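*Asks:* A structural model of the following input is requested.
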Amino acid sequence: MPYAVIDHSVMPHIVLSDQREQLPWHHGPHFTSRLAAGYTRVNDFGLLFGRTRSSRLRADMRVWHFEECGVSVEALCEQRAGDRSQMLFLPQGAVEIPEDFAPLLQNSFSRAFPNGSSCMNSHSGRVATQHDERYEVSLCDLVDGRLDLVYDNDACRMYCHQDQTGLATKIFVSVLSVYIVSCVTENIKNIVSNKPGGRARNQHAVLVCTVLFVAFELWQHHLAACIVKQSELNLFYVLYAYVTLECLL
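*Replies:* Residues are numbered from 1 along each chain as shown. Below you'll find the model as predicted:
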């Protein structure tokens, strides 16, 4: 299932681009999708429900921080410390945050940011409340902090990862992807018209470049650790091994 695009202009809630208002998490379409999903994923790309049996999360999430997070009628999930509500992830209704973050109980999310919040937007739509002892993670945190949230619906556990991909890397990947697609298109055209390939050397150079780039990302930025599904991780290694062999042979 592809990502459903989120409207970033409607803060602080998760509102899909084809909707006028936020859909609740505990009833309606989102709730139905969550019941059928192995996990719920929200990030800059949008909202994704992993629907199939193969959508179970991998056992080793490595670079992902996680917190136990129970079902709540106020948000996607709620983290509690004893009888105290500590944090809401993607709440419904008014998003309230404390004026002073000092009394908040620390967790892996708050420790990842200097002031306990990844939101820097002055027009975030959140409401500062006196004597509030709970932080509520909203759309502003996702956008400003470049967060990737994955909620395991079965284990009631929220995983959090911050995307550190630089602009130069995104541009390089975009240009490389466009060229690879053009190479594939040309190869299909040559096969259909029964013509010999004309850019074999250039295509092999691109193949070598791709293998080296992925190897660098695996070593430097833990690329494989960012893949959350075990089935996708297995497919990634199989395809990478195939491309590497094609590059060497």
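*Asks:* lowest average confidence, helix or strand, in the protein?
*Replies:* None of the helices or strands of the chain scores lower by mean pLDDT, DSSP states H and E than helix 200-220, at a mean of 78.
*Asks:* list the buried ones in that helix?
*Replies:* Burial within helix 200-220, assessed by neighbour count using 16 or more other CB atoms under 10 Å, is assigned to 203, 206-207, 210-211, 214, 217. The way it works is simple: take the backbone N, C-alpha and C, and place the C-beta from them, glycine included.
*Asks:* helices or strands up against it?
*Replies:* Contact partners of helix 200-220 among helices and strands, from 3 or more CB pairs under 8 Å, 6 or more residues apart in numbering; DSSP states H and E: helix 167-193, helix 230-248.
*Asks:* what kind of secondary structure is the most centrally placed residue in the chain in?
*Replies:* Taking CA atoms, centre = their mean as the criterion, residue 148 is the residue nearest the geometric centre of the chain, at 3.5 Å. Secondary structure, DSSP: H, G, I helix; E, B strand; the rest coil: residue 148 is strand.
*Asks:* same deal with the one 10 residues further on?
*Replies:* Taking three-state DSSP as the rule, one finds residue 158 in the strand state.
*Asks:* and the pLDDT at it?
*Replies:* With respect to pLDDT, residue 158 scores 92.
*Asks:* likewise residue 53?
*Replies:* 54.
*Asks:* now, which of the buried residues of helix 200-220 sits nearest residue 22?
*Replies:* Of all those, residue 22 sits closest to residue 217, with 35.0 Å by CB to CB.
*Asks:* these two touch, right, the closest one and residue 226?
*Replies:* No - judged on CB atoms under 8 Å, residue 217 makes no contact with residue 226 at a distance of 9.3 Å.
*Asks:* and the gap between the nearest residue to residue 230 once chain neighbours are set aside and residue 2?
*Replies:* Nearest residue to residue 230, sequence neighbours excluded (CB to CB, 6 or more residues apart in numbering): residue 58, at 4.2 Å. Computed with CB to CB, to the nearest Å, the distance linking residue 58 and residue 2 is 21 Å.
*Asks:* got the domain boundaries for the protein?
*Replies:* 1-162, 167-248 (automatic domain parsing).
*Asks:* lowest-confidence stretch among the ones you listed?
*Replies:* Of all the domains of the chain, mean pLDDT reaches its minimum on domain 167-248 (a mean of 79).
*Asks:* show me how far that domain is from its chain's centre.
*Replies:* Distance of domain 167-248 from the chain centroid (CA atoms, centre = their mean, to the nearest Å) equals 22 Å.
*Asks:* again, but for stretch 231-249
*Replies:* Between the centre of stretch 231-249 and the centre of its host chain there is 23 Å, according to CA atoms, centre = their mean.
*Asks:* and if you look at stretch 14-32?
*Replies:* Counting by CA atoms, centre = their mean, stretch 14-32 is centred 18 Å from the centre of its parent chain.
*Asks:* how long is it from one end to the other?
*Replies:* 17 Å (CA to CA, to the nearest Å).
*Asks:* returning to that earlier point: so which of the helices and strands packed on helix 200-220 is the most surrounded?
*Replies:* Highest mean neighbour count among those (mean count of other CB atoms under 10 Å): helix 230-248, with a mean of 13.
*Asks:* mind saving the C-alpha coords of it as PDB?
*Replies:* The C-alpha trace of helix 230-248 is given here as PDB (Å, rounded to 0.1, in the frame of the first residue of the first chain):
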ATOM      1  CA  GLN A 230      11.900  -8.100   7.400                       C
ATOM      2  CA  SER A 231      10.600  -9.100   4.000                       C
ATOM      3  CA  GLU A 232      11.900  -5.800   2.500                       C
ATOM      4  CA  LEU A 233      15.200  -6.200   4.200                       C
ATOM      5  CA  ASN A 234      15.600  -9.700   2.700                       C
ATOM      6  CA  LEU A 235      14.700  -8.400  -0.800                       C
ATOM      7  CA  PHE A 236      17.100  -5.500  -0.400                       C
ATOM      8  CA  TYR A 237      20.100  -7.900   0.300                       C
ATOM      9  CA  VAL A 238      19.100 -10.200  -2.600                       C
ATOM     10  CA  LEU A 239      18.900  -7.400  -5.100                       C
ATOM     11  CA  TYR A 240      22.100  -5.800  -3.800                       C
ATOM     12  CA  ALA A 241      23.900  -9.100  -4.200                       C
ATOM     13  CA  TYR A 242      22.500  -9.500  -7.700                       C
ATOM     14  CA  VAL A 243      23.600  -6.000  -8.700                       C
ATOM     15  CA  THR A 244      27.000  -6.500  -7.200                       C
ATOM     16  CA  LEU A 245      27.500  -9.700  -9.200                       C
ATOM     17  CA  GLU A 246      26.400  -8.000 -12.400                       C
ATOM     18  CA  CYS A 247      28.900  -5.300 -11.700                       C
ATOM     19  CA  LEU A 248      31.800  -7.700 -11.200                       C
END
